[in-house]
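Undergrad: Have a look; sequence and predicted model below, questions after that.
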Amino acid sequence: MSESNGFSVATVNVNGVRAAVKARSEENTGLLGWLAGAPADYICMQEVRATEAETRAALAPVLEDGWTLALAPAAQKGRNGVAILSRREPDAVRIGHGDPQFAESGRYIEADFGTLTLASLYLPSGEAETERQVEKDQFLKTFGEYLKPLARKRRDVLVCGDWNIAHTELDIKNWKGNLKASGFLPHERAWLGEVFADGSGWADVQRGFHPGEAGPYSWWSFRGQAFDNDSGWRIDYHVANKPLAKRAAKVATHRASRYDLRWSDHAPVVVEYTA
């Protein structure tokens, strides 16, 4: 694998790496089965919810096959956690976005691979009119500031992950019923609109391939018939700086064909980038 020949990146919220690995049945190969055939050179994971030792044990077959793991676990056991799997050792790894409130929260990891800076993000989910929303809004404030100079770096930059915000009505099936729900609040959508605005330096890679179309969604609740009815949210993004976004060649959302074949409530989103 060489960036000179292009590369592919996948992002997925695994909803607990150990649970995703164990979600195997006669037909469901679980996370390890997907990883074995994943058409990606880099894989950003969110909600790992495990220590370094636990994550390495769960992913042992993948790591033995030559993948390298960079992990930012949360200080609070069993919560959050972000990681980057790669086919090469990173040149440098950085954890956090400079806000001490989230320094050990397992929400952001960034690594350099040659001319590429790749990040895995798990933005707080929030809950309207609660302290959880206050925490999310604080993250939005400081992370928004962090993104501004990051976009101007003279290298390819890609921030993948679970952004926990559906940007527009096209990004959520039941938008009318979620107008007061965290993840679709007006100020959250406006914040994401600023990230994607002309002149920001950033682009929503998937939306560039599906302008004016609903979805494709990447998260469905395990409750009710959300998955069967495709009543989902598009909250898992590839956010690239403009030079890299222009080289996005192909986008795919790996939605399971059946409910019982899921190993997470999210689907992986894979993008191929040309050299």
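TA: Cool, the structure landed.

Undergrad: which ones are touching residue 204?
TA: In this structure, residue 204 makes contact with 167, 196, 237, 238, 239, judged by CB atoms under 8 Å, 6 or more residues apart in numbering. Where you see a C-beta, it was placed from the backbone N, CA and C, and this is true even at glycine.

Undergrad: make it 7 Å
TA: By CB atoms under 7 Å, 6 or more residues apart in numbering, the contact list for residue 204 reads 196, 237, 239.

Undergrad: cool, residue 202 as well?
TA: The contact partners of residue 202, by CB under 7 Å, 6+ apart, come to 147, 151, 195, 196, 239, 241.

Undergrad: Now, those that are in strands?
TA: Taking DSSP state E, the ones among the contacts of residue 202 that sit in strands are 239, 241.

Undergrad: quick one: which of the contacts of residue 202 has the most company?
TA: With neighbours defined as other CB atoms under 10 Å, the most crowded of the contacts of residue 202 is residue 239; it has 25 neighbours.

Undergrad: thinking again about what came up before, distance to residue 273 and pLDDT for the contacts of residue 204 - can I get that in JSON lines?
TA: As requested, these are exported to JSON lines (distance: CB to CB, whole Å; pLDDT from 0 to 100):
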{"residue": "196", "distance to residue 273": "18", "pLDDT": "98"}
{"residue": "237", "distance to residue 273": "15", "pLDDT": "98"}
{"residue": "239", "distance to residue 273": "13", "pLDDT": "98"}
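
Undergrad: quick one: which of the residues you listed is nearest to residue 79?
TA: Each of the contacts of residue 204 was checked against residue 79 using CB to CB; the closest is residue 237, at 21.7 Å.

Undergrad: Leaving out chain neighbours, which residue sits closest to the closest one?
TA: If the residues on either side of it in the chain are set aside, residue 237 comes closest to residue 163, at 5.1 Å by CB to CB, 6 or more residues apart in numbering.

Undergrad: what's the spacing between that neighbour and residue 117?
TA: Taken as CB to CB, to the nearest Å, the spacing of residue 163 relative to residue 117 amounts to 18 Å.

Undergrad: Residue 43 too?
TA: When distances are taken as CB to CB, residue 43 and residue 117 turn out to be 16 Å apart.

Undergrad: What of residue 38?
TA: The gap separating residue 38 from residue 117 is 21 Å, by CB to CB.

Undergrad: and those two? which has more neighbours close in?
TA: The neighbour comparison of residue 38 against residue 117 (other CB under 10 Å) goes to residue 117, with 22 against 18.

Undergrad: and the more buried one, that one's in a helix?
TA: No: applying DSSP: H, G, I helix; E, B strand; the rest coil, one finds residue 117 to be strand, outside a helix.

Undergrad: Buried ones in stretch 72-81, by neighbour count?
TA: Counting neighbours by 16 or more other CB atoms under 10 Å, one finds that the buried residues in stretch 72-81 are 72, 73, 74, 80, 81.

Undergrad: for this protein, what spans make up the helices?
TA: Using DSSP state H, the helices of the chain run over residues 17-22, 30-37, 52-58, 60-64, 131-151, 186-196, 205-209, 242-245.

Undergrad: Looking at those helices, which is nearest to residue 230?
TA: Of all the helices of the chain, it is helix 205-209 that lies closest to residue 230, at 16.1 Å by CB to CB.

Undergrad: could you say what helices and strands that closest one packs with?
TA: Of the remaining helices and strands, those touching helix 205-209 by 3 or more CB pairs under 7 Å, 6 or more residues apart in numbering; DSSP states H and E are strand 236-241, strand 248-253.

Undergrad: and among those strands, the most buried is which?
TA: The highest mean neighbour count among these belongs to strand 236-241 (a mean of 25), with neighbours defined as mean count of other CB atoms under 10 Å.

Undergrad: That one pairs with which strands?
TA: Strand pairing for strand 236-241, using DSSP bridges, gives strand 156-162 (antiparallel), strand 202-204 (antiparallel).

Undergrad: Redo the helices of the chain as JSON lines? Include distance to residue 259.
TA: Conversion of the helices of the chain to JSON lines gives the following (distance: least, CB to CB, whole Å):
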{"stretch": "helix 17-22", "distance to residue 259": "16"}
{"stretch": "helix 30-37", "distance to residue 259": "15"}
{"stretch": "helix 52-58", "distance to residue 259": "23"}
{"stretch": "helix 60-64", "distance to residue 259": "25"}
{"stretch": "helix 131-151", "distance to residue 259": "28"}
{"stretch": "helix 186-196", "distance to residue 259": "29"}
{"stretch": "helix 205-209", "distance to residue 259": "23"}
{"stretch": "helix 242-245", "distance to residue 259": "33"}
